[in-house]
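# structural data only, the sequence is not supplied:
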Ligand code: ZN
């Protein structure tokens with residue numbers, strides 16, 4: 001199969017009249033300034049597929065169901081109670097149906113790789129399933145059914161809070177002892193397709209001790225390493241009370257941060273922490289729509305960018321699933337905080353700066369090959385539709401897609417497979433019907 005695009009964002013920059021062939025999940029021959037041939041798929045604008053570096057797919061199931069305030073001030077912590085109640089009841093079949101829906105929505109949004117931070121491990125009563133890796137297997141099955149590439153991040157969750165304190169009843173499906181978790185990682189390795197990766201995700205400094213984190217890194221070296229950190233002010237205060245240091249400060253003092261590390265949220269940082277993360281080459285995993293939904297706070301984006309920091313984007317709670325929307329929210333939060341415009345760019349197009357940074361940072365965080373449209377690169381591609389025939393040039397395309405109107409995702413290829421056509425995943429009817437049956441029961 002071959003694609004001809006009027007305009008394409010190649011690894012080296014924008015080009016016109018690009019023709020490329022798809023061969024076994026990779027881009028084969030590629031030439032610019034080429035005429036289309038009979039049988040080519042004709043695209044208007046071709047972009048590389050984005051990595052979604054942080055998701056809890058099952059949370060797609062209660063999207064929009066936590067938007068009513070009870071007595072007193074609502075917060076992340078009250079939201080977490082609702083999430084626990086939802087998580088505690090889900091069967092493997094239900095979770096897989098919801099995850100498959102989330103996966104096809106990601107592909108329809110222009111994501112071609114999912115980083116699934118997976119902590120819903122055990123049966124509703126808290127006991128391991130007959131196959132202890134059952135729930136991870138369901139995530140692999142959902143990814144495979146949808147065609148999205150998966151970086152599975154099995155979560156190590158052992159404690160309820162700093163100290164450590166014992167896990168609560170609401171956390172019973174999440175917790176492992178060390179050896180059982182190590183066996184889960186090995187089981188996940190056996191499930192991975194060639195395009196998949198398996199990383200490690202100690203849930204947070206609340207749920208894993210530094211000694212456990214250290215042991216995981218020694219036993220499973222060289223994998224993507226993800227951790228929730230400094231999302232909430234209370235978490236920073238609890239960490240200070242526990243050890244006299246802030247979460248990022250404490251982690252960095254006890255573990256070398258580096259390019260395989262991904263710090264999820266990292267919302268509340270001092271100037272020293274910003275410089276420390278940036279100089280380590282670690283990725284900050286920003287989830288702008290979820291962070292806004294949960295009232296987390298505003299990431300110090302301008303300072304992090306000035307320090308040369310690396311970031312990517314994730315859809316986290318999946319309250320919405322959108323590439324353009326996450327990038328827009330990231331920039332808008334900065335604008336509100338700084339009372340300025342065009343913050344997340346070193347100069348020039350904000351859309352291009354956001355898209356390029358999130359593309360590179362997301363792939364780095366998920367242990368994926370270097371992203372970008374080039375001969376030999378993975379065929380993870382997204383075509384935008386330009387129904388108004390604006391025929392915009394270069395970076396103005398990304399500004400228009402992210403901040404404006406008119407451009408939308410029309411086609412997505414992951415690992416060379418044409419999964420989304422005319423804006424719709426090819427298995428949407430079946431996957432949506434199965435998920436709808438679950439959502440109606442749970443709503
Ligand atoms: Zn998360």
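That came through, no problem. Just so it is clear, the structure is predicted and the values come from calculations on it, not from any experiment. Numbering: from 1, shown residues only.
# mind checking the SS state of residue 321?
With DSSP: H, G, I helix; E, B strand; the rest coil as the basis, residue 321 sits in coil.
# which non-adjacent residue is nearest it?
Of all residues not flanking residue 321 in the chain, residue 105 sits nearest, at 4.3 Å (Cβ to Cβ, 6 or more residues apart in numbering). The way it works is simple: take the backbone N, C-alpha and C, and place the C-beta from them, glycine included.
# list the contacts for that neighbour?
Counting by Cβ atoms under 8 Å, 6 or more residues apart in numbering, residue 105 makes contact with 60, 318, 321.
# shouldn't residue 268 be in contact with residue 297?
Yes: counting by Cβ atoms under 8 Å, residue 268 touches residue 297, with 6.0 Å between them.
# which neighbours do those two have in common?
Residues touching both residue 268 and residue 297 (Cβ under 8 Å, 6+ apart): 232, 233.
# the two: which has the busier surroundings?
residue 268 (22 against 17; other Cβ atoms under 10 Å).
# ok so, going back, filter the contacts of residue 105 down to the buried ones, ChimeraX style.
Burial among the contacts of residue 105 is assessed by 16 or more other Cβ atoms under 10 Å; the matching ChimeraX selection reads:
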select :60,318,321
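# of the contacts of residue 105, closest to residue 35?
residue 321 (36.4 Å; Cβ to Cβ).
# give me the contacts around the helix or strand hosting residue 190.
If you go by DSSP states H and E, residue 190 is part of helix 178-191. By Cβ under 8 Å, 6+ apart, the residues outside helix 178-191 that reach it are 121, 128, 132-133, 136-137, 140, 152, 154, 156, 158, 176, 198, 200, 212, 215-216, 219-220.
# chain center to that helix: distance?
How far helix 178-191 lies from its chain's middle: 22 Å, per Cα atoms, centre = their mean, to the nearest Å.
# same question for stretch 330-338.
20 Å.
# again, but for stretch 287-307
In terms of Cα atoms, centre = their mean, the centre of stretch 287-307 is found 15 Å from the chain centre.
# straight-line length of it, end to end?
One end of stretch 287-307 sits 20 Å from the other (Cα to Cα, to the nearest Å).
# likewise for stretch 375-392?
End-to-end distance for stretch 375-392: 25 Å, by Cα to Cα.
# what comes up buried for it?
377, 378, 379, 380, 381, 382, 383, 384, 385, 386, 392.
# so in the chain, where's the weakest helix or strand by average pLDDT?
Here the helix or strand of the chain ranked lowest by mean pLDDT, DSSP states H and E is helix 76-89, holding a mean of 85.
# could you pull out the buried residues of that helix?
Across helix 76-89, burial judged by 16+ other Cβ under 10 Å covers 76, 79, 83, 84, 86, 87, 88.
# now tabulate these in a markdown table and tack on distance to residue 278.
What follows is the buried residues of helix 76-89, written out as a markdown table (distance: Cβ to Cβ, whole Å):
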| residue | distance to residue 278 |
| --- | --- |
| 76 | 26 |
| 79 | 30 |
| 83 | 31 |
| 84 | 34 |
| 86 | 36 |
| 87 | 34 |
| 88 | 39 |
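# so what's residue 225 up against?
199, 200, 201, 217, 260, 261, 262.
# mind listing which of these are in helices?
residue 217 (DSSP state H).
# go through the contacts of residue 225 and say which is closest to residue 280.
Taking Cβ to Cβ as the measure, residue 280 lies nearest residue 261 of these, at 7.3 Å.
# on the strand side of things, show who that closest one bridges to.
Note on residue 261: beta-bridge partners by DSSP bridges are residue 225.
# how many residues are close by it?
Residue 261, neighbours per other Cβ under 10 Å, totals 24.
# can you list the buried residues in stretch 418-426?
Those would be 418, 419, 420, 425, 426, for stretch 418-426 by 16+ other Cβ under 10 Å.
# I'd like these as CSV, with distance to residue 443 and secondary structure appended.
Below are the buried residues of stretch 418-426 laid out as CSV (distance: Cβ to Cβ, whole Å; DSSP: H, G, I helix; E, B strand; the rest coil):
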residue, distance to residue 443, secondary structure
418, 33, strand
419, 28, strand
420, 26, strand
425, 22, strand
426, 27, coil
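# the longest strand seen in the chain: what's the following helix or strand?
Looking across the chain with DSSP state E, the single longest strand is strand 13-23. Remark: after strand 13-23, the chain's next helix or strand is strand 26-31, criterion DSSP H and E.
# buried set for stretch 256-271?
257, 260, 261, 262, 263, 264, 265, 266, 267, 268, 269.
# what's the closest of these to residue 50?
For the buried residues of stretch 256-271, the nearest to residue 50 is residue 262 (15.2 Å; Cβ to Cβ).
# from residue 178, how far out is the nearest residue to that closest one once chain neighbours are set aside?
Nearest residue to residue 262, sequence neighbours excluded (Cβ to Cβ, 6+ apart): residue 365, at 4.0 Å. According to Cβ to Cβ, to the nearest Å, residue 365 and residue 178 sit 24 Å apart.
# more neighbours, those two?
Taking other Cβ under 10 Å, residue 365 and residue 178 do not tie; residue 365 has more neighbours (33 against 15).
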